[in-house]
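Visitor: Sequence first, predicted model second:
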Amino acid sequence: MSQPFPLFAAPLAEASGYTGAGPCEVCGAEADERLRLDGGSRIVGPEERPAPHRDAAVCVPCLRAGQVAFIRDTEFGMVLWEDAVAGRTHGVPDLRWADGFPLTEPNEDGWVSVEIPPMVLLELVRTPGYQTWQGERWLFCCGSAMVYIGRWTRDDVVRHLPADPEAALLAIFDGAEAWMWQHGIDDLAIDFHAFRCRSCDRVRGHTDMS
């Protein structure tokens, strides 16, 4: 089926919690593709309640309709359903700058939340996550969440900047180091998760080590 998520452009089968055919926990209909509801998921329609059991899964139409909210982790802190509604992240310690987004005052523990329009965060929490070893870290650009475009290989980096792919790797991926390119990124136990901005087409990403 075609990819229905504006913020997830990788194959849906690469999403975290992707599972095959079965009943949807929300609508009860049989679906060919579903996404498992993890411990932090919430069913927010038609009535709000936590995900009931570990094998529960939601169909794509119900997720797109906003019937379910996942917890998404971002570079500015986690986003729970209630955070998305309030238009802020859950916060990170000692944050000083957030790419132009307003910051809240630090709480008593020094955690700072980032104020992001609810429509942006609500779209994010009804988007599938991506498979990682160390945990996802959704990125932002131009006032919005970026689009996850998948795990990049050497060929992807070369296509992005044929003249100097090593420089492209270092510029794009937080955590990338020169030795990674020199040793061959396809041969390492490291994933390179890439995102693209919907406004300026910039590509950003982060490394993820097993």
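Guide: Looks like it came in fine.
Visitor: Break down this structure into its helices, ranges please.
Guide: Along the chain, counting by DSSP state H, helices occupy 60-64, 81-86, 118-125, 154-160, 165-172, 178-183.
Visitor: Present the ones you listed as TSV; the columns should include mean neighbour count and mean pLDDT.
Guide: (C-beta placed from N, C-alpha, C; glycine too.) Putting those into TSV (neighbours: other C-beta atoms under 10 Å; pLDDT from 0 to 100) gives the following:
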stretch	mean neighbour count	mean pLDDT
helix 60-64	19	95
helix 81-86	18	96
helix 118-125	18	98
helix 154-160	16	98
helix 165-172	18	98
helix 178-183	13	96
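Visitor: which one of these lies closest to Gly45?
Guide: helix 60-64 (8.4 Å; C-beta to C-beta).
Visitor: who's in contact with Asp99?
Guide: Shown in contact with Asp99 (C-beta atoms under 8 Å, 6 or more residues apart in numbering): 140-141.
Visitor: tell me, what residue is most central in the chain?
Guide: In the chain, the centroid-proximal residue (C-alpha atoms, centre = their mean) is Trp138; its distance is 4.2 Å.
Visitor: From Leu124, how far out is that one?
Guide: 7 Å (C-beta to C-beta, to the nearest Å).
Visitor: follow-up on the earlier one: for the helices of the chain, which one sits closest to Glu105?
Guide: helix 81-86 (15.1 Å).
Visitor: Now tell me what touches that closest one from outside.
Guide: Under C-beta under 8 Å, 6+ apart, the answer for helix 81-86 is 42, 44, 69, 71, 89-90, 113, 118, 121-122, 124-125.
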